[in-house]
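Undergrad: Fold the following.
(chains A and B)
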Amino acid sequence: MHMLTMTHPLQSLFSWWPSLPWGRRDEHALLKANREYFAAFSQDKPLTEYEFVVFDTELTGLNERRDEVVSIGAVRIREMRIDLQNCFYTCIQPDQYVPKSSTLIHRITPCQTEEAPKLETVLPEFVSFCGQALLVGHNIGLDIGFVNRALKKHLGGALHNPCLDTMRLAMLYKESQWENYYDRYNLNVSYTLTDLSKEYGLPLFDEHNALQDAMQTAYLFLFFVHKLHGGKIKTLRDLYVAGRNWRWI
Amino acid sequence: MFTVKAPQSHSLNPGVVLEFLQRTLPFNELSPGALEELAEDAALDFFPKGTVVLTQGVTDISHLYLIQKGGVKLYLQDESGAVTLKDFRGEGGVFGALGIIRGAKASMTVEALEDTFCFLLNKQTFLKLVTNDPRLAQYYLKSFSENYIHKSFSELRRQRLTPKGEGSLILFSVPVSDMIKRDVEAAPGTYSVQKAAEYMARHRIGSLLVEDAKGIVRGIITDKDLRSKVVAKGLEYRTPLREIMSSPVRTIPADAVCFDALLAMMTHQIHHLAVEDGGKIVGVVTSHDIMVLQGQSPLYLFREILGQRTFEGIHEVSRHVPQVVRPLIEEGGKADNITRVITVLNDLILDRLLTLLQEQLGPPPLPFCWMLMGSEGRKEQTFRTDQDNALVYADPRDDQEAQRAEAYFSRFAEEAIEHLVKCGFPRCLGDIMASNPKWRLPYSGWRANFDRWVSVPEPQEVLHSTIFFDFRPGYGDKALAERLRDHLTKTLQGKELFFRHLAQDCFTSRPPLSFFRNFIVERDGEHKNRLDLKARGLVPFWDFARLMALRHGSQETNTLRRLKAVADGGHIPEELYRKSREAYELMMQLRLVHQLKLLEGGKTPNNFVDPAELSDLEKQTLKGAFSVITSLQNFLKSAFMLNV
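TA: I've put the predicted structure just below:
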């Protein structure tokens, strides 16, 4: 176990930290490079010098052991700008038949997945796309959990990219907006991607398409980074500090 | 470098930019290929409220900024630090374009007014498109281009009026030369009427041109002439044609469109027009030909009105005016043409009403003239315009005659106003009507009024009297009103103080700055959500045209014709004339369509336009039109050396 996982200051923002590379398979070269890069990761550079990959998955269900990924969509942020033409999207053929209950949500039909590639052929491309970027997602724990479970199974490792959760950022931002004590007991608060986007007046994208949701999440991420802490967040560490302060006040 | 083509995908490119560009001016004009190129390396940036995105004279512009959501304000700052607000841009708005085209630093400071998401488009690609596509350059470099006005007009017709049936462009596109059915049929003036009638019957024609010995067309005879001038009067069949022909023949140029022919026929109350091409008569068009061409023609209504013998009948047919006007708007009639049709129809209604009224009340004790003021005077009536009228009668010789005149004309005016109300012309709120004894005067009374307004101008009085300066004769002894106009023109010469007051009056209305979202942005930055098209848009043009026409001795009352007269006389620059004509027509058109829509929805027409209902294109063009008002005001400022 290396140092970073133990002491990583971003931990409070991470909903999930990748498990250690003790798979049965040999670790894939891409993942090894990924692990080694993030072992020596600096968080003191300005945010504009980092790359972020915002991603989202559509699943056959929510059971981490049984269910599978049917599509991945990802958007890149460079210099804190969304690179609109540098996107990643693919459908994936799951081992099991796509259940109707999930098709009704994401509109991906069993027939569509039949022509799609299997997850193991998509994974290296996705790992390459993520590269050295920080990963961003809305409730990213769920998505990265599915991805890393698959990575462990097929490529013998996991992604070590630090992860940022826009849902956590939303909570921080909301807390910062509290004006009086009782605001925190307001139960009419929704943290879904669409509700947040509507609440803050962002342009809206179609729901439940992995790429569109990733795009929506990217907008939300830009919004929070600029709005949190009065717009004074300049480095990755600032982002963390902003989170910590709100946590302990 | 990490870009991965998805092995199988619905769409790798989320198409956000492309889709946005496709519905945003002026990009939607570009070819799909050009759009894709522009979208190719687009990025998205976010500017929280209050962020200064570009700083005047400092920022090197790296991208073209296209606002996806939010809004910004643009302002200039001079050395002393004073800030001049220049514009607001909302969704679909672009900034940074001028800087890129000029290759200079930001020309204005841009600040986010709210949380704003912007697409950043590649500067080089944009520059290339501007160079290759003159439309794009025109859009950014010309504030008010004809191209967009034209588009705006067609969009107005297409989107704001739900089509009723097949709207064809016949009236406005078919030249009268296409309506000529046969070669010119002409007979020498020495022919007897019998010979002519026999010829017409054999050839199944309803009219015959009459030539002199040299073969020059001198007149025309029609079926109606044979009936009313020969048979009804018991003339001999030997009577030569030249004695009964109507002469001279009204002509129309061969390249005029059918609409012009229709209007000419209605104005002169005739049914035949000779078509002239290169000084030669090439044929005859009849109202019948045009009516066949066009089902719902204003001419039908015209005949209907003409045929009415009762007040009730006139009240009834006058309500059909909007129905007749609608297809004209759909077919591409410009506001100027439409208002001319409405004016002709309304004048005829007035003519019928007052003729019937005179039959009922008996002949007037003195010659009189019913004068039209305001929009009626300017021949710019839209729908259901308020009545603005007055009455002038010949000076009575003694008290007795004066009393008789007052008794007759007060009753006459009261009843006329009542009938006009029943025809759908509401009373004037300011009581500027012939029923008001203040505005029912003998000639000398009117002359005194005008002399006072012109020679001893009180600012308040000038303000209230402007409407009277647009008078024209409506019915009766038109010479009376014309004499008054001649007198006024003479009196006005050199009355600089009066003109100065009028000029000052032109500055009371400041045009709005811009549209932002669905708001009209006032110069002081206040938002207002309804636009009074009349007060904010049209009145400045009326005032300007009136002032300039009066000052330069033009007797025109119509705004466009006044502008043309002063431009032809070299009193305003050609460019200013062209721009104001376009701007004025656009606003008139917008008002017309707006009112027609209300009318058809069963509501009372008004002048209040909701910006939310305007398309991007309309907003853009209106914004351009407002800027013309500023040009007019600037012109007056220097012409009258006003330091407002």
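Undergrad: hey, C-alpha coordinates of stretch B:180-195 in CSV?
TA: C-alpha atoms of stretch B:180-195 as CSV (Å, rounded to 0.1, in the frame of the first residue of the first chain):
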residue,chain,number,x,y,z
ILE,B,180,-53.0,41.2,-71.2
LYS,B,181,-55.4,38.8,-72.9
ARG,B,182,-55.2,40.0,-76.5
ASP,B,183,-53.6,42.5,-78.8
VAL,B,184,-54.6,46.1,-78.6
GLU,B,185,-58.1,46.6,-80.0
ALA,B,186,-58.5,50.1,-81.1
ALA,B,187,-60.9,52.0,-83.4
PRO,B,188,-60.6,55.5,-84.9
GLY,B,189,-62.4,58.2,-83.1
THR,B,190,-64.6,58.8,-86.1
TYR,B,191,-66.2,55.4,-85.8
SER,B,192,-69.9,55.5,-84.9
VAL,B,193,-70.9,54.0,-81.6
GLN,B,194,-72.9,51.4,-83.4
LYS,B,195,-70.0,50.2,-85.4
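Undergrad: Would you mind listing the outside residues contacting that stretch?
TA: Stretch B:180-195 has contacts (Cβ atoms under 8 Å, 6 or more residues apart in numbering or on different chains) with B:196, B:199, B:203, B:205, B:207-213, B:217-219, B:221, B:226, B:230, B:235, B:237-242, B:244-245, B:275, B:281-285, B:289. For the C-beta atoms, the positions are set from N, CA and C on the backbone; glycine is no exception.
Undergrad: May I have the secondary structure class of B:Pro396?
TA: coil (DSSP: H, G, I helix; E, B strand; the rest coil).
Undergrad: That one contacts B:Pro442, correct?
TA: Yes - the pair B:Pro396 and B:Pro442 passes the contact test of Cβ atoms under 8 Å, sitting 6.2 Å apart.
Undergrad: what touches both of these two?
TA: Shared between the contact lists of B:Pro396 and B:Pro442 (criterion: Cβ under 8 Å, 6+ apart) are residues B:402, B:405.
Undergrad: Comparing the two, which shows the higher neighbour count?
TA: Neighbour count, other Cβ atoms under 10 Å in any protein chain shown: between B:Pro396 and B:Pro442, B:Pro442 has more, with 22 against 18.
Undergrad: For the closest residue in space to the more buried one that isn't next to it in sequence, list the residues it contacts.
TA: In space, and not counting its chain neighbours, B:Pro442 is closest to B:Asp395: 4.7 Å by Cβ to Cβ, 6 or more residues apart in numbering or on different chains. Shown in contact with B:Asp395 (Cβ under 8 Å, 6+ apart): B:442-444.
Undergrad: what do you get for B:Leu356?
TA: For B:Leu356, the contacting residues are B:309-311, B:314, by Cβ under 8 Å, 6+ apart.
Undergrad: for the strand or helix carrying it, which positions count as buried?
TA: Using DSSP states H and E, B:Leu356 sits within helix B:335-361. For helix B:335-361, the neighbour count (16 or more other Cβ atoms under 10 Å in any protein chain shown) marks B:335-354, B:356-358 as buried.
Undergrad: I'd assumed A:Asp213 was in contact with A:Gly73.
TA: Yes - A:Gly73 is in contact with A:Asp213 according to Cβ under 8 Å; the separation is 6.7 Å.
Undergrad: Could you tell me which residues touch both of the two?
TA: Common neighbours of A:Gly73 and A:Asp213 (Cβ under 8 Å, 6+ apart) are A:Asp56.
Undergrad: And the strands in chain A, which stretches?
TA: Along chain A, the segments classed as strands by DSSP state E run A:51-59, A:69-78, A:81-91, A:134-137, A:163-165.
Undergrad: So in that sheet, which strands flank the first one, and in what orientation?
TA: Just to be clear, that refers to strand A:51-59. strand A:69-78 (antiparallel), strand A:134-137 (parallel) (DSSP bridges).
Undergrad: Could you dump those into TSV and include mean pLDDT and mean neighbour count?
TA: Shown next, in TSV, are the strands paired with strand A:51-59 (pLDDT from 0 to 100; neighbours: other Cβ atoms under 10 Å in any protein chain shown):
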stretch	mean pLDDT	mean neighbour count
strand A:69-78	93	25
strand A:134-137	93	24
